[in-house]
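In: Sequence plus predicted model, see below.
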Amino acid sequence: MAADPILSLRNVEVHFPVRTGVLKRVTAHVRAVDGVDLDVYRGEVLGLVGESGCGKTTLGKAILQLVRATQGTVTYSGEDGETELTTQDDAGLFAFRKRLQIVFQDPHSSLNPAFTIFGSLEDPLRHYGVKTRAERRKIVGDLLEAVNMRREAMDRYPHEFSGGQRQRIGIARALSIDPELIVCDEAVSALDVSIQAQVLQLLMDLKREKNLTYVFITHDLSVTEYLCDRIAVMYLGKVVELCDAEELYSNTLHPYTQALLSAIPVADLDRKSQRIVLQGDVPSPINPPSGCPFHPRCRFAQDICRTDVPRLRAYKAGSGVHMAACHLIDQPLAD
Amino acid sequence: MEHDVALTVKGLKTYFYNNNRCNRAIDGVSFEIRQGKTLCIVGESGCGKSVTAASIMQLLPTLSRIEEGEITYHGPDGPVRIDALDRGGAQMRSIRGKEIAMIFQDPMTALNPVYSIGFQIKEMLMYHTGLGRRERHDKAIDLLASMGIPLPERRVNEYPHLYSGGMRQRAMIAIAMSCNPRILIADEPTTALDVTIQAQIFELMDTLKRENGTAIMLITHDMGVVAELADDVAVMYMGNIVEAGPVGTVMRNPVHPYTRALLDSIPVLGRGKDQEIKAIPGQTPDPYDRPKGCQFADRCRHRIDKCDQMPPETQVSDDHRVMCWRYEEFASDGR
Amino acid sequence: MVDAPITRPRTRRDGQFDRLRDRETSMQGKAKRRGRFLGKFLSNRLALVGFVIFTIICLMSLFAPLIAQHNPMSPNLRAIAQPPSVEHWFGTDKTGRDIFARVLYGGRVSILVGLGSALLSALIGVIIGVYSGYVGGWLDWIAMRVSEIFMSFPQIILVLLLVAILGQSLLNLIVIFTLTGWGGIYRMARARMLSIREEEYVQALRSFGLGPARIAYKHMLPNALGPIMVNITLSTAAFILQEAGLSFLGLGVPLSIPTWGNILNAAQDLRVLEQNWWIWLPVGATISLFVLSVNFIGDGLRDATDPSQQG
């Protein structure tokens, strides 16, 4: 499974200009994604975690070219060789849209309220060459059955469905053109707990059946632990830690990840651990701190953290490499 | 009784009358909130947990009413029957804010953007206390400082848009705590916040409980939050408290199938990739088309014919009660 | 503990609530299935009344030749300025023309001008607004500036100017109203698009690689139709009033063609105003009634399309 990347991101930056004043002059940039190197391997589930504003959603959209990277490259590798997506225009992207899909967070805004389910799902199919209506109806019906819903649901309107059902329809839509990779953007976060599990299991079943690759964007580290093979932790537009899921939980290197893990409320009375409470808030991505972006909130921050930006470096780990961006990891962390 | 009871709710029924239909949002709910303790009400969306809070505060929408039941506030001047007070009357208004305060889910919209934070705190003090102008200002600064807001002297004159999400929630709590209420009702106070900020808010609420002896009623959907913060827990499903008791009892030895299913359906941090997650089949019933008997019967694996009748509230032990016909079997299966 | 039952004073609502509750418990919930949109519209009494009046006036104007006994254009010198009678229901004007017939025929032109201009300006506004709102960029910038120019110019002066250039005719009036009226609807359509653009289903369609025109017109436009329909009804009313106003000033449709405004024109004479009330009162009332009914329909449509309003 390893070493067969489906997507390679190199130094991807997404900066949004901030315009102020009467003349709408660009006065600053929101550094939503700020230099990310990442490989997504075929058949894996890559978790992308972080707090709101860390750039995980923007990165997901940059993968799909819904947001264009201002710098860096996103390369897709398939049977027909490697293609750099970032340089393609809309026509050139057309062939790749079929292979990369997305499932959204909000089940209430992810379906068009003015159309029936069939009406929403048939257009992409028509776009990709399914000519007859009968054929499209059959495909949509099959898709709905694949996500454990009834065929008849296709003639009903979104408001007739519950959140969980809508999310499953959203998954069906993403599956409709047989993608290879699906970006799940907080796909279960807005759902009730009892429904979350249904959707998670559905995602895993579909992955096995269709040999899919997922990029799973979430803020919930307990979900990633259950679901993901590898996890990338993001902070202020940068990846600060990247390694196998088990390794991340058993041998957490970056102080931010440590704090993040300890802050999660655990539904298990016997596992109550000491909370590391971070002071302050996530700094603004318009004007990130110098040096390590995490240093103003870091317990261990030293002089070097304030001046030098730490690079993502590899460390030895049980089954592969463990990447982390921290100056202090080689040195023992004082506690 | 070792702790003073701050609020008793007995057989509360609140119905909603929208669109010419009657929705039995809460259908017979009893619990008590103890001084210096946290009661967590946990349940999925639509289970009636927020309606319970609104009933206590008499903040229900116009097209709804408390059908029957008692809400008794045990104030310093003897018990007050809240449900018998006029919704907008002077007595209710003096209880609201001064004796029972509430904080809401979304700190972004709960503060008025055109007034400074300080003004909004001082307004509360002006209504409910006899403090002078100068004293009110000092008290507002004190409050902000005790909520852990840096530079309170400056921050007090700032407007909500300059505050981050976590700080706004602190400001909300500062407003709520300004008159030293005996009861604090928190309706999903951290759902809109990041985990590291959530940890800060929890730390704060724990301190309030310890130092001021405030009784806290925390509404949440997250079993993790329950495990972290609760002393007592009440599990709600479709308008009923299906199981209630001390957090240790309910989480370690749950006897209601819904509580068990809920605990089994969430991934728990630290249990690794191989943990088994059991999804609850189906979905919550339509509130306008409820099952006749036990509301959970349709999704329950242990359903029997008797479940077509509503099970009574039964004491399992002194402080542990449940609404299930078959609880005895579950109580003895040693889970 | 307080044991005595404490009851709140019962209010007017309580009885209504009791009935609802009893019905619910007795039949264990049977939902009445009717289209939410239609149901809400029909349950709005004012909107329904407006719709009925609107239909009656439209139909009567449409079938004017069948209803009217007299030719609206032919003067009858033997019956000048007669008060209402069995022969002339609304009386006759100063040249002896039957006012009832003139109101019916005038309705044809006035409604055509009002509705026609409203629909045309909506068409233009929506076509430009939907696309430029979704795509943005320079196209949006240009459309916005053009609409600003049209809207910042005092409308009545623009109308006077165009009438002076193009001359008086029915078609010119419609063109003028459309030119001055598309800006409002364009801005509204654009604003709706800007908010719908952020919805996730639009993102999903983009991720499928669908073209912008298809996404904008097929998928997004239906969600913006509610307010657009309301706006059409409101501008219909406004255009009818404007036509009446312009014709009253002698700038609208040529005087020979009966329109509501032209009929009113006769009331410029103070003597008519004082002595021949039947010349201006019926047509004035008809205009008010029609505009009012259209506004009621607009209100009803707005409530029916707004999901946040509970019925």
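Out: Nice, I can see it. Note that the coordinates shown come from a computational prediction; the quantities given were computed from them, not determined experimentally.
In: contacting residues for the residue nearest the centre of chain C?
Out: The residue lying closest to the centre of chain C (CA atoms, centre = their mean) is C:Thr233, at 2.3 Å. Contacts for C:Thr233 (CB atoms under 8 Å, 6 or more residues apart in numbering or on different chains) come out as C:Ala118, C:Val294, C:Asn295, C:Ile297, C:Gly298, C:Leu301. (Glycine included, C-beta is placed from N, CA and C.)
In: So for the nearest residue to it once chain neighbours are set aside, what's the pLDDT?
Out: The shortest distance from C:Thr233 to any non-neighbouring residue, by CB to CB, 6 or more residues apart in numbering or on different chains, is to C:Gly298 (3.7 Å). Looking at C:Gly298, its pLDDT reads 82.
In: Going along the chain, name the helices of the stretch 51-200 of chain B.
Out: Using DSSP state H, counting those that start in this stretch, the helices assigned to the stretch 51-200 of chain B run over residues B:90-95, B:107-110, B:117-128, B:133-146, B:152-155, B:165-177, B:195-212.
In: The helix or strand bottoming out on mean pLDDT in chain A - contacts with which helices or strands?
Out: Lowest on mean pLDDT, DSSP states H and E among the helices and strands of chain A sits strand A:313-317, with a mean of 79. Applying 3 or more CB pairs under 8 Å, 6 or more residues apart in numbering or on different chains; DSSP states H and E, we find strand A:313-317 packed against strand A:320-324.
In: near chain B, anything from the strand it packs on?
Out: No. Using CB under 8 Å from any CB of the partner chain, no contact is recorded between strand A:320-324 and chain B, whose separation bottoms out at 15.2 Å.
In: coming back round to it: any chance of the contacts of C:Thr233 in CSV with secondary structure, distance to B:Glu228 and neighbour count as columns?
Out: Converted to CSV, these look like this (DSSP: H, G, I helix; E, B strand; the rest coil; distance: CB to CB, whole Å; neighbours: other CB atoms under 10 Å in any protein chain shown):
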residue, secondary structure, distance to B:Glu228, neighbour count
C:Ala118, helix, 60, 26
C:Val294, helix, 60, 27
C:Asn295, helix, 57, 19
C:Ile297, helix, 56, 26
C:Gly298, helix, 53, 21
C:Leu301, helix, 50, 26
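In: and which of the residues you listed is nearest A:Arg156?
Out: Using CB to CB, C:Leu301 comes nearest to A:Arg156 of the contacts of C:Thr233, at 24.4 Å.
In: Identify the residue spatially nearest to the closest one, adjacent ones excluded.
Out: That would be C:Val230: by CB to CB, 6+ apart, it lies 4.9 Å from C:Leu301.
In: OK, contacts around the one you found?
Out: Contacts of C:Val230 by CB under 8 Å, 6+ apart are C:Gly298, C:Asp299, C:Leu301, C:Arg302, C:Thr305.
In: Whichever strand or helix holds C:Phe150 near chain A at all?
Out: In this structure, C:Phe150 sits in helix C:137-152 according to DSSP states H and E. No. Helix C:137-152 is not in contact with chain A by CB under 8 Å from any CB; minimum separation 10.6 Å.
In: which residues touch that helix?
Out: Contacts for helix C:137-152 (CB under 8 Å, 6+ apart): C:128-129, C:131-133, C:158, C:179-180, C:182-184, C:186-187, C:190.
In: Neighbour-wise, which one of those leads?
Out: Highest neighbour count within the contacts of helix C:137-152, by other CB atoms under 10 Å in any protein chain shown: C:Gly129, with 31 neighbours.
In: So for it, what's the nearest residue that isn't a sequence neighbour?
Out: C:Ala189 (3.2 Å).
In: Sticking with the one you found, tell me its helix or strand.
Out: Using DSSP H and E, the element containing C:Ala189 is helix C:170-196.
In: buried stuff in that helix?
Out: Within helix C:170-196, the residues that count as buried by 16 or more other CB atoms under 10 Å in any protein chain shown are C:170, C:172-174, C:176-190, C:192-193, C:196.
In: do stretch B:59-70 as well
Out: B:Leu60, B:Leu63, B:Ser64, B:Arg65, B:Ile66, B:Glu67, B:Gly69, B:Glu70.
In: could those go into CSV alongside pLDDT and distance to B:Lys122?
Out: Listed next are the buried residues of stretch B:59-70 as CSV, based on pLDDT from 0 to 100; distance: CB to CB, whole Å:
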residue, pLDDT, distance to B:Lys122
B:Leu60, 88, 28
B:Leu63, 84, 34
B:Ser64, 86, 33
B:Arg65, 86, 34
B:Ile66, 88, 33
B:Glu67, 87, 39
B:Gly69, 89, 36
B:Glu70, 90, 35
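In: of those, closest to A:His219?
Out: Nearest to A:His219 among those, with distances taken as CB to CB, is B:Leu60, at 32.7 Å.
In: where does that closest one fall, phi/psi-wise?
Out: The phi and psi values for B:Leu60, taken as degrees, to the nearest 10, are phi -70, psi 150.
In: so which helix or strand takes in the residue nearest to the centre of chain C?
Out: Counting by DSSP H and E, the element that carries C:Thr233 is helix C:221-248.
In: May I see the buried residues of that helix?
Out: Buried positions in helix C:221-248, judged by neighbour count with 16+ other CB under 10 Å: C:221, C:223-224, C:226-244, C:246-248.
In: okay, stretch C:167-177 in CSV with CA atoms only?
Out: What follows is stretch C:167-177, C-alpha atoms only, in CSV (Å, rounded to 0.1, in the frame of the first residue of the first chain):
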residue,chain,number,x,y,z
GLY,C,167,-41.7,60.0,-28.3
GLN,C,168,-45.0,58.9,-26.9
SER,C,169,-46.1,55.3,-27.5
LEU,C,170,-47.1,52.2,-25.6
LEU,C,171,-43.9,50.3,-26.7
ASN,C,172,-41.7,53.2,-25.7
LEU,C,173,-43.2,53.3,-22.3
ILE,C,174,-42.5,49.6,-21.7
VAL,C,175,-38.9,50.1,-22.9
ILE,C,176,-38.5,53.1,-20.6
PHE,C,177,-39.9,51.3,-17.6
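In: any idea of the mean pLDDT for it?
Out: Stretch C:167-177 comes out with an average pLDDT of 83.
In: which residues touch it?
Out: Identification of contacts with stretch C:167-177 by CB under 8 Å, 6+ apart yields C:109, C:112-113, C:116-117, C:120-121, C:158-159, C:162-163, C:166, C:239, C:242-243, C:246, C:251-254, C:257.
In: circling back to that earlier point, of the contacts of C:Thr233, closest to chain A?
Out: Set against chain A, the nearest of the contacts of C:Thr233 by CB to the nearest CB is C:Leu301 (15.6 Å).
In: any idea how far the closest residue to A:Ile6 other than its chain neighbours lies from A:Gly60?
Out: Excluding the flanking residues, the one nearest A:Ile6 by CB to CB, 6+ apart is A:Arg42, at 4.6 Å. Plainly put, A:Arg42 is 18 Å away from A:Gly60 if you go by CB to CB, to the nearest Å.
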